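**Q** No sequence on hand, only this structure:
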DNA sequence: CTCAATTACTGTCATATTGACAGTAATGCT
DNA sequence: AGCATTACTGTCAATATGACAGTAATTGAG
């Protein structure tokens, strides 16, 4: 790592931004939070919530939490958030050299259509619209969303991430709907009951709490202490091509 | 995302660096490449190879490939490399605001003790020495190595990453040693044969090639087209606490 | 209050996979 | 030829999986 001063070349200064991919389930559909840009570039386009570092003393994670609060009015302590990666292609921002650190946040389904923000508008948008390109995004944000969705789909298999889509307590049927929605696949209800309950530390009963809807009341659970799922919940393969191998 | 100009505050300019965690297997031990720093800060300390972006037009991935060539004389097209994440704590570099994008590279075991570099020295160091803290590193590089090792251990389960530790062709026994070394666990040889060969697209026979050492010649394989392992090779759990759950 | 509708849960069984364990095959060396 | 060494092939009981159907507890309509 060369030194800053005394070098024949000046190390290029770069603006560091933070972008947020906030995913949730609304009405059994996979949604991502988008902001309508009020300024150039890409004015009027939809983009991920985010912004530059506030000052030289702010860490990127702090900045992510701040943006989460500012732009989505969400509390970082009550939802799952993890770093997705850095996006640093030279031409990704027409204004100049901007490197963006993307974060993936998972929120329980909020009834509100997103509270007040300083951007022109904010909306929960179905993930499919973004992935298919029918809802074009500014910068390389479509790529970031695609990476985030892929990350979420994979982590559902090996981590208790699905519980982050639910509230404090949830029923097994609700948990199953999370898997089905995110994966876009149907799961056998009975086998799901069996597998989920076998994984040590995944979910644990939430007292005598019961939730009434229309049919039989369901037992409620909360997320357990496990950070990895052993055994994992394997995602069903879309289709099998042939029957070779062996 | 606010604009650069016209803002009441000046967005903080940040130096962007790239750090490389290059992992390999040498003599059945898990090693990471370290560089002895020739300049302040941390002069004389060991650190990950890396450096600042060359110029404003260089992408972070390009920079990673360049450093890979400069500091380790490795060709990025012949080994596995992926982004690990961004490390952007404000105080991680005493010189000022430096954000580092870390990359994880996996190289086959090289016989050479690392070719010429512009750093004072370079050495393959056992990963355990770094993780245990017996080999202290500059900056937050110990954390980065820990993350890289964890990433590698996890990806071994679900991706063909293990083949990146081998050469172009390899035997099943060699592949098993990769798993055993990285995981630090013993695997049953017979079950390993069975499971590895069942995974579609993981490995495929490399012609009539055979490799003689001391005993019976082994069949050689090369990496197959699969990018994910179905079913995965599950890592044995270190120990089982009790027999509860249900 | 009965009955249908609705949602939540509990079992069963054939098959596939896993983990634990031992023997056979092909080479180099003496 | 025989031994050491490394590579591979089988077996079997226990377990996990996938596919399927029935029972339980509630609400609401008549």
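**A** Happy to help now that I have it. Treat the numbers as computed from the prediction; the structure is a model and nothing was measured. Numbers count the residues shown, from 1 in each chain, chains lettered A, B, ... in the order given.
**Q** Which is the succeeding secondary structure element to the longest strand along chain A?
**A** Ranked by residue count, the top strand of chain A under DSSP state E comes out as strand A:13-26. Moving toward the C-terminus from strand A:13-26, the next helix or strand (DSSP states H and E) is strand A:29-36.
**Q** Can you check what angle separates that next one from strand A:13-26?
**A** 140 degrees (axes from the mean of the first three to the mean of the last three Cα atoms, to 10 degrees).
**Q** What strands flank strand A:29-36, and is each parallel or antiparallel?
**A** Strand A:29-36 has the following sheet partners, assigned by DSSP bridges: strand A:13-26 (antiparallel), strand A:46-47 (antiparallel), strand A:121-126 (antiparallel).
**Q** what's the most buried one of the ones you listed?
**A** When the strands paired with strand A:29-36 are scored by mean count of other Cβ atoms under 10 Å in any protein chain shown, the highest mean neighbour count falls to strand A:13-26 (a mean of 23). Just so you know, the C-beta spots here come from the backbone N, C-alpha and C atoms, and that holds for glycine as well.
**Q** any idea of the mean pLDDT in that one?
**A** Throughout strand A:13-26, pLDDT has a mean value of 95.
**Q** ok now that strand, how far from the chain's centre?
**A** Here the centre of strand A:13-26 is set off from its chain's centre by 10 Å, with Cα atoms, centre = their mean, to the nearest Å.
**Q** and the residue in chain A positioned nearest to DNA strand C, helix, strand or coil?
**A** The minimum distance from chain A to DNA strand C, using Cβ to the nearest atom of the strand, falls at residue A:215 (2.2 Å). The local conformation at residue A:215, judged by DSSP: H, G, I helix; E, B strand; the rest coil, is coil.
**Q** Give me the pLDDT for it.
**A** 90.
**Q** check contacts around the nearest residue to residue A:109 once chain neighbours are set aside.
**A** Distances taken as Cβ to Cβ, 6 or more residues apart in numbering or on different chains place residue A:25 nearest to residue A:109, at 4.9 Å, with adjacent residues excluded. Listed by Cβ atoms under 8 Å, 6 or more residues apart in numbering or on different chains, the contact set of residue A:25 reads A:31, A:108-109, A:165, A:177-178, A:181-182.
**Q** switch to 10 Å and redo it
**A** For residue A:25, the contact set (Cβ atoms under 10 Å, 6 or more residues apart in numbering or on different chains) comprises A:31, A:106-110, A:124, A:162, A:165-166, A:174, A:177-178, A:181-182.
**Q** Output the contacting helices and strands for the worst-scoring helix or strand of chain A on mean pLDDT.
**A** The weakest-scoring helix or strand in chain A, judged by mean pLDDT, DSSP states H and E, is strand A:203-211 (a mean of 84). Identification of packing neighbours for strand A:203-211 by 3 or more Cβ pairs under 10 Å, 6 or more residues apart in numbering or on different chains; DSSP states H and E yields helix A:172-183, strand A:218-223.
**Q** so can I have CSV of those showing distance to residue B:53 and mean neighbour count?
**A** What follows is these, written out as CSV (distance: least, Cβ to Cβ, whole Å; neighbours: other Cβ atoms under 10 Å in any protein chain shown):
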stretch, distance to residue B:53, mean neighbour count
helix A:172-183, 36, 19
strand A:218-223, 41, 18
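**Q** Can you add distance to residue A:82 and mean pLDDT and give these back as TSV?
**A** Formatted as TSV, those follow (distance: least, Cβ to Cβ, whole Å; pLDDT from 0 to 100):
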stretch	distance to residue A:82	mean pLDDT
helix A:172-183	16	97
strand A:218-223	15	96
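**Q** residue ranges with poor pLDDT in chain A?
**A** A:1-10, A:111-120, A:238-246 (pLDDT under 70).
**Q** For it, give the residue positioned nearest to DNA strand D.
**A** For chain A, Cβ to the nearest atom of the strand, closest residue to DNA strand D: residue A:216, 3.1 Å.
**Q** Contacts only, for that residue.
**A** Taking Cβ under 10 Å, 6+ apart as the test, what residue A:216 contacts is residue A:210.
**Q** give me phi/psi at the residue of chain A closest to DNA strand C?
**A** The phi/psi pair for residue A:215 (degrees, to the nearest 10) reads phi -100, psi -140.
**Q** Okay, it and residue B:41: tell me how far apart.
**A** Residue A:215 sits at a distance of 65 Å from residue B:41 (criterion: Cβ to Cβ, to the nearest Å).
**Q** Between the two, which has more neighbouring residues?
**A** Neighbour count, other Cβ atoms under 10 Å in any protein chain shown: between residue A:215 and residue B:41, residue B:41 has more, with 14 against 6.
**Q** Skip the chain neighbours and tell me the closest residue to that one.
**A** Residue B:41's closest residue in space is residue B:94 (Cβ to Cβ, 6+ apart), at 5.0 Å.
**Q** how many neighbours does the one you found have?
**A** Count around residue B:94 with other Cβ under 10 Å applied: 10.
**Q** ditto for residue A:213
**A** When neighbours are counted by other Cβ under 10 Å, residue A:213 registers 9.
**Q** what's near enough to touch it?
**A** Residues near residue A:213 by Cβ under 10 Å, 6+ apart: A:171, A:173.
**Q** just the helices in chain A please.
**A** A:60-72, A:127-131, A:141-158, A:172-183, A:189-198 (DSSP state H).
**Q** about what we covered before: give the contact list for the residue nearest to residue B:41.
**A** B:40-42, B:139.
**Q** hang on, residue A:80 packs against residue A:68?
**A** No. Taking contacts as Cβ atoms under 10 Å, residue A:80 lies outside contact range of residue A:68: 11.4 Å.
**Q** what's the overlap in contacts for these two?
**A** Contact criterion Cβ under 10 Å, 6+ apart; residues shared by residue A:80 and residue A:68: A:105, A:107.
**Q** Which one of the two is surrounded by more residues?
**A** Neighbours per residue (other Cβ under 10 Å) separate residue A:80 from residue A:68, with residue A:68 holding more: 24 against 20.
**Q** residues making contact with stretch A:184-201?
**A** A:30, A:127-128, A:153, A:160, A:162, A:172-173, A:175-177, A:179-180, A:202-203, A:221, A:223-238, B:240-242, B:244-246.
**Q** Which of the residues you listed are buried, as a ChimeraX select command?
**A** The buried residues among those can be selected in ChimeraX (16 or more other Cβ atoms under 10 Å in any protein chain shown) with this line:
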select /A:30,127,153,160,162,172,175,176,177,179,202,203,221,223,224,229,232,233,235
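**Q** Now narrow the contacts of stretch A:184-201 to whatever sits close to DNA strand C.
**A** A:172-173 (Cβ under 7 Å from any atom of the strand).
**Q** Now distance to residue B:198 too, for the strands paired with strand A:29-36, in a markdown table please.
**A** Below are the strands paired with strand A:29-36 laid out as a markdown table (distance: least, Cβ to Cβ, whole Å):
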| stretch | distance to residue B:198 |
| --- | --- |
| strand A:13-26 | 34 |
| strand A:46-47 | 45 |
| strand A:121-126 | 38 |
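**Q** Go through those strands and name the closest to residue A:57.
**A** strand A:13-26 (12.8 Å; Cβ to Cβ).
**Q** Could you tell me the angle between that closest one and helix A:172-183?
**A** 130 degrees.
**Q** Kindly report the domain assignment for chain A.
**A** A:15-156, A:159-245 (automatic domain parsing).
**Q** As a markdown table, these with distance to residue B:98 would be great.
**A** Shown next, in a markdown table, are those (distance: least, Cβ to Cβ, whole Å):
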| stretch | distance to residue B:98 |
| --- | --- |
| domain A:15-156 | 10 |
| domain A:159-245 | 30 |
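**Q** of those domains, which approaches residue B:86 most closely?
**A** Nearest to residue B:86, of the domains of chain A and by Cβ to Cβ, is domain A:15-156 at 4.0 Å.
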